[in-house]
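Q: Fold the following, please.
(2 chains)
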Amino acid sequence: MACMARILITSAIPYINGIKHLGNLVGSQLPADLYARYSRARGHEVMFICATDEHGTPAELAAAKAGMPVADYCAQMHEVQKNLGAGFRLSFDHFGRSSSQRNRELTQHFAGQLAEAGLIAEVEERQVYSNADGRFLPDRYIEGTCPNCGYDRARGDQCENCTKQLDPTDLINPRSAISGSTDLEVRATKHLYLRQSAMRDQLREWILSKTQMGGNGQPAWPVLTTSIALKWLDDGDGLQDRGITRDLDWGVPVKKGTEDWPGMEGKVFYVWFDAPIEYIAATAEWADAGGRGEGAWERWWRTDKGAEDVRYVQFMGKDNVPFHTLSFPATILGSGEPWKLVDYIKSFNYLNYDGGQFSTSQGRGVFMDQALSILPSDYWRWWLLSHAPESGDSEFTWENFQASVNKDLADVLGNFVSRITKFCRSKFGETVPEGGASGAREAALAAELETRVRAYEGFMEAMEVRKAAGELRAIWVAGNEYLQAAAPWSVVKEDPEAAAAIVRLSLNLVRLYAVLSQPFIPDAAAAMMTAMDCDDWSWPGEIGAALQALPAGHGFSVPEVLFRKITDEERADWQQKFAGVRN
RNA sequence: GGGCCUGUAGCUCAAUUGGUCAGAGCAGGGCGCUCAUAACGCCUUGGUUGGGGGUUCAAGUCCCUCCGGGCCUACCA
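A: All right, here's what the predicted structure looks like:
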């Protein structure tokens, strides 16, 4: 490979509370996997990290609802999410847990460093405590009547009816959203704040430097990423300090490095402080799992220990952008230690479901487990990636899904493999035929593929997901165009050797398609490669050469149908099944 | 309220710094082919780029305004 690089890839870590829907998947883990697979295919050294985000109030409540200790609940849900990730062929090098010992130590370490740098403030504040629930309540877990509009189910942070922002103490007849109890009181409590306002100029300068293409060809960040970051930096009074501790039982205990933090006993760090640190911790967990030692993970994260040449790319939905552009960088930079800072943030808009939003609470839309129960992962991967919400929110409809998948996967790609392998079997047997020579038509095909494959590479490297999918599809189409024009079924009647040359090239196309398609549809790619009785996954250099990998005499087999079509009946059935409430 | 994004053929989306940019895929129509998952290929019908105004030799592309959709607004994560 011309320039072998080391690429660190992280996907926003999914919250432990329940199974994620396709909108969550397409916004972070799936495109991250695409990029990881492509980068590996190009010969780069890749570290692809994800994890479950396990702390916070919702996890505690979900565990309580399930009647389980929160640690057990998280352990169980982690396994569920891990298995679903595997089901979608997400190729994580490690899928960690933010509740790991590694993350606990690192989070406490960062807090200690930040405190030493004078970037932590201790703030005495007053929060609502529910005696019945035995806990402090986050603002949004307090309900009451809105003093502005009279809506009786306003939340303590904002009234959903009139959108007025509220303070919990503004509510009339406040009650716990958890238990309904009105036995609430305001208690004084002390919390730590990350003084990110002190780093505002430094952060702004950094963000602004990413709004334009950098030196060494680094692309500018998506507008979505930088606009959200700048908004938070400059909106109103500017970047606000953020509380990074909570009065909860479940989480990373507040410590200053390895020392106790006087006055902070019984408190834990806020999930959004420890969650991004888990990217680092999960890499350490990976090293631990393989008995690799400290240096193995530090060379990805410590610029003083080998990470200076690492390219770090993050993937996330737009709701996660503030934490990745501001809070986490403030943590990294503020530590005063040589940790690796992100180089590129790829953010996504939302995927909507059939005219509305996917909704976890309402069970609206398709969830990861349900998706896999009705179709193999490649179908979903292809549709989701080829319709990734890059320029704006996009929409999933069953009609579009059926049409796209049937056309692209079954007709264009699957049928190509089917027609050429079956034709060869009937005329030449299940062996790459010999004889004949390639001519102008073959040269033209190679030239077109040369152009398209290079374009595909460019889109993949730029993480232009939709465009990459479009180019890949065009590469598949080129095979059908070639076959149609070459018409070996006619040629074979007068000139079997000429037909043999056409077939030989076409069978090589199947192998080439396997290599090129693998990042999008890994299972089908593997099936194609297996059918060609080959294991040469090397990325194509000069296309003419790549189309000679399978020599005359090489055995192959006709594969099962790669993609069956989705019927109208199935579509209608699923449409109805997933419209309503889950379960 | 404020901010950001978005509105391009029936559908999903493209169009470097304003200058053949009005395009692609799907759907629709016609023709061809028969190796193949009734698949494939070729040709083709669709748009005064949400409405209106402005700047410019030239505007989906910049400005203003109106209408529509979405998101964010810091204690859900």
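Q: residues contacting A:Leu550?
A: A:Val432, A:Arg504, A:Leu507, A:Asn508, A:Arg511, A:Met532, A:Cys534, A:Phe556 (Cβ atoms under 8 Å, 6 or more residues apart in numbering). Where you see a C-beta, it was placed from the backbone N, CA and C, and this is true even at glycine.
Q: Check the nearest residue in space to A:Ser377 that is not next to it in sequence and give its pLDDT.
A: Nearest non-adjacent residue to A:Ser377, counting by Cβ to Cβ, 6 or more residues apart in numbering: A:Phe88, 4.7 Å away. Reading off the confidence values, A:Phe88 has pLDDT 96.
Q: that older thread, can you list the contacts of A:Leu550 in JSON lines and add secondary structure?
A: Listed next are the contacts of A:Leu550 as JSON lines, based on DSSP: H, G, I helix; E, B strand; the rest coil:
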{"residue": "A:Val432", "secondary structure": "coil"}
{"residue": "A:Arg504", "secondary structure": "helix"}
{"residue": "A:Leu507", "secondary structure": "helix"}
{"residue": "A:Asn508", "secondary structure": "helix"}
{"residue": "A:Arg511", "secondary structure": "helix"}
{"residue": "A:Met532", "secondary structure": "coil"}
{"residue": "A:Cys534", "secondary structure": "coil"}
{"residue": "A:Phe556", "secondary structure": "coil"}
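Q: Of those residues, which pair is most distant in space?
A: A:Arg504 and A:Cys534 (13.7 Å; Cβ to Cβ).
Q: who has more neighbours, those two?
A: A:Arg504 (24 against 20; other Cβ atoms under 10 Å).
Q: was I right about that one contacting A:Ala552?
A: Yes. A:Arg504 lies in contact with A:Ala552 (Cβ atoms under 8 Å); the separation is 6.3 Å.
Q: so what's in contact with these two at the same time?
A: A:Val432, A:Pro433, A:Glu434.
Q: TSV please, covering the residues you listed and showing pLDDT, distance to RNA strand B and neighbour count.
A: Shown next, in TSV, are the shared contacts of A:Arg504 and A:Ala552 (pLDDT from 0 to 100; distance: Cβ to the nearest atom of the strand, whole Å; neighbours: other Cβ atoms under 10 Å):
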residue	pLDDT	distance to RNA strand B	neighbour count
A:Val432	98	16	23
A:Pro433	97	14	23
A:Glu434	95	19	14
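Q: show me where the stretch 201-350 of chain A has helices.
A: Along the stretch 201-350 of chain A, counting by DSSP state H, counting those that start in this stretch, helices occupy A:223-234, A:271-289, A:294-301, A:321-322, A:328-334.
Q: what does the stretch 451-583 of chain A give?
A: A:465-486, A:488-494, A:496-517, A:522-531, A:543-546, A:568-577.
Q: any idea of the mean pLDDT for the shortest one?
A: Rounded to a whole number, the mean pLDDT of helix A:543-546 is 95.
Q: I'd like the distance between A:Lys346 and RNA strand B.
A: According to Cβ to the nearest atom of the strand, to the nearest Å, A:Lys346 and RNA strand B sit 14 Å apart.
Q: what residues are up against that residue?
A: By Cβ under 8 Å, 6+ apart, the neighbours of A:Lys346 are A:Pro31, A:Tyr35, A:Pro222, A:Thr225, A:Val313, A:Gln314, A:Phe315, A:Met316, A:Met463.
Q: Looking at those residues, which two lie furthest apart in space?
A: Between all members of these, the farthest pair (by Cβ to Cβ) comes out as A:Tyr35 and A:Thr225, at 15.4 Å.
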